[in-house]
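J.: Predicted model follows, preceded by the sequence.
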Amino acid sequence: MPTPITNKSPFIEVRGLHKKIGWQHILRGLDLTVYQGETLMLIGPSGEGKSVLLKHLIGLLRPDEGDITVAGTCMTGLRERQLAPIRKEIGILFQNAALFDSMNVAQNVAFPLIEGGLRDKNEINQRVHEALEVVELEKHKDKLPVNLSGGMRKRVGIARAIVPKPHCVLYDEPTSGLDPIVSDVIDQMIKRLQKRYGVTSIVVTHDMKSVFKIADRVALLKQGVIYFLGTPDELRNSSDPVIQDFIDGRSHITC
Ligand SMILES: Nc1ncnc2c1ncn2[C@@H]1O[C@H](COP(=O)(O)OP(=O)(O)OP(=O)(O)O)[C@@H](O)[C@H]1O
């Protein structure tokens, strides 16, 4: 059952977002509201700007036009230093998990705490322990990333994203390249964070099975705007041929 959103307040509001990179006009007046505590899955054809949108939400990219408000703070015009409090609210799991190869699992997870200025070793150890418990990797805390499977690396990435206790986590293709069982584990972890801590999640994915399993709402990004926004049932029951072709993976290229 989708989580009802009518009585929730917006956590992220994107209004009229335009972004050009080089000659490409990638985002073209995109509007999107993400509510506190929901799991919003962001789908759409490859190369349409889903990752570019995520990067705007933590200020790694700046809009050419438009405004982004996170937890009531409008990011427009903020300097790098002023973005720090917003970045504390949002954790991100990058596509390749982006772990430091020379650091073991625990050190990777501790990294954002140390970077954020925390120096109390006991507190760092406790927070790392809690985050690794959530992703069920406590036993592997001394391993180097090279000795982990792809699914384990993604889970370390999730632990690192949640260790500062953010209100929102952005996931860029968390289940790509994983077998269906491991994908299910990751999906369950995303839901666990929502249920246990009320975390807001935005998940970029091509994994339609995962969409129908864990999304409260789905947004389809196409040609620089949100082409569809609704519940998984509304997506499934849409009569729009563009949406149906996307769900069924039809390309219209004949062999
Ligand atoms: N740093 C960059 N320099 C140049 N072009 C970029 C850069 N980042 C993104 N792009 C371009 O922006 C477009 C959107 O990229 P993005 O990674 O957001 O797509 P996506 O929808 O996430 O795709 P996929 O589903 O394949 O991951 C692409 O054409 C990409 O080449």
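T.: That came through, no problem. All values reported here derive from a predicted model rather than from experimental measurement. Numbers count the residues shown, from 1 in each chain.
J.: drop to CA atoms for contacts and neighbour counts, all remaining ones
T.: Will do.
J.: all helices of the stretch 1-150 of the chain, in order?
T.: Applying DSSP state H, counting those that start in this stretch to the stretch 1-150 of the chain gives helices spanning 50-57, 84-89, 105-115, 121-134, 150-162.
J.: tell me the mean pLDDT for the first one?
T.: Mean per-residue pLDDT for helix 50-57: 95.
J.: which strands and helices sit next to that helix?
T.: Applying 3 or more Cα pairs under 8 Å, 6 or more residues apart in numbering; DSSP states H and E, we find helix 50-57 packed against strand 168-172.
J.: And the helix or strand just after the strand it packs on, what's buried?
T.: For strand 168-172, the following helix or strand on the C-terminal side (DSSP states H and E) is helix 180-197. Neighbour counts over helix 180-197 (16 or more other Cα atoms under 10 Å) mark S183, D184, I186, D187, Q188, M189, I190, K191, L193, Q194 as buried.
J.: so how far is the helix or strand just after helix 180-197 off the chain centroid?
T.: Using DSSP H and E, the helix or strand that follows helix 180-197 in sequence is strand 200-204. With Cα atoms, centre = their mean, to the nearest Å as the basis, strand 200-204 stands 4 Å off its chain's centre.
J.: Sheet-wise, list the partners of strand 200-204 with their directions.
T.: Strand 200-204 sits in its sheet next to strand 39-43 (parallel), strand 168-172 (parallel), going by DSSP bridges.
J.: which other residues reach the last one?
T.: Just to be clear, that refers to strand 168-172. 51, 54, 89-95, 161-162, 199-205 (Cα atoms under 8 Å, 6 or more residues apart in numbering).
J.: The first one too?
T.: In this structure, residues lying in contact with strand 39-43 by Cα under 8 Å, 6+ apart are 34, 50, 191, 194, 200-206, 211, 214-221.
J.: Contacting the ligand as well, which ones from those residues?
T.: Among the contacts of strand 39-43, the ones lying near the ligand by Cα under 6 Å from any ligand atom are K50.
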